[in-house]
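Student: sequence unknown, structure follows:
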């Protein structure tokens, strides 16, 4: 019924990671191709090169893989913040009292992006400042970040009216 996949798009996150990755790869190339030793010990040099290579390739790969999956099907809203959730977090729409599309301040309201606990409740967000604020019947408040927050909210609201 509804499906959204978000990845990290912020240039201010990607640029520093790419610069540091290129620096790490440069150090590895200096060591491997030009035989410029980092230490006086060959085994230590190999260890350092492997660690730097893992950092230089691993961190950008990890950032590239992070995604927030939001789905609505079978009267359930599921959130999966990959790779932190192995199983999706499931919210039954029947348990939602109110859903509203909002604009928020990720840093001020929730302390940033990710799976966050802030002054205004729990948030699952990855990019931007738009989302759906859910108030549950037990007064739990959860924000779901979305690039298409109006459609997400209207889909939840339509299902709520049928229950």
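Tutor: Noted; the coordinates are in hand. All of these numbers come straight from a predicted model, not from anything done at the bench.
Student: What segments of the chain are strands?
Tutor: 2-7, 67-73, 76-82, 89-92, 96-103, 114-118, 121-125, 130-136, 141-145 (DSSP state E).
Student: what does the average pLDDT come to for the second one?
Tutor: Right, the one you point to is strand 67-73. If you average the pLDDT over strand 67-73, you get 95.
Student: separation between residue 157 and residue 151?
Tutor: Per C-beta to C-beta, to the nearest Å, residue 157 is found 11 Å from residue 151. (Each C-beta comes from the backbone N, C-alpha and C, glycine too.)
Student: what's the closest non-adjacent residue to residue 131?
Tutor: residue 145 (4.3 Å; C-beta to C-beta, 6 or more residues apart in numbering).
Student: so who does that neighbour touch?
Tutor: By C-beta atoms under 8 Å, 6 or more residues apart in numbering, the residues touching residue 145 are 6, 68, 106, 113, 123-128, 130-131.
Student: isn't residue 18 right up against residue 60?
Tutor: Yes - counting by C-beta atoms under 8 Å, residue 18 touches residue 60, with 6.6 Å between them.
Student: and these two? which has more neighbours close in?
Tutor: Neighbours per residue, other C-beta atoms under 10 Å: of residue 18 and residue 60, the larger number sits with residue 60, 17 against 14.
Student: Just give the nearest non-adjacent residue to that one, would you?
Tutor: Take residue 60 and drop its neighbours on the chain: the residue closest to it by C-beta to C-beta, 6+ apart is residue 21, 5.0 Å away.
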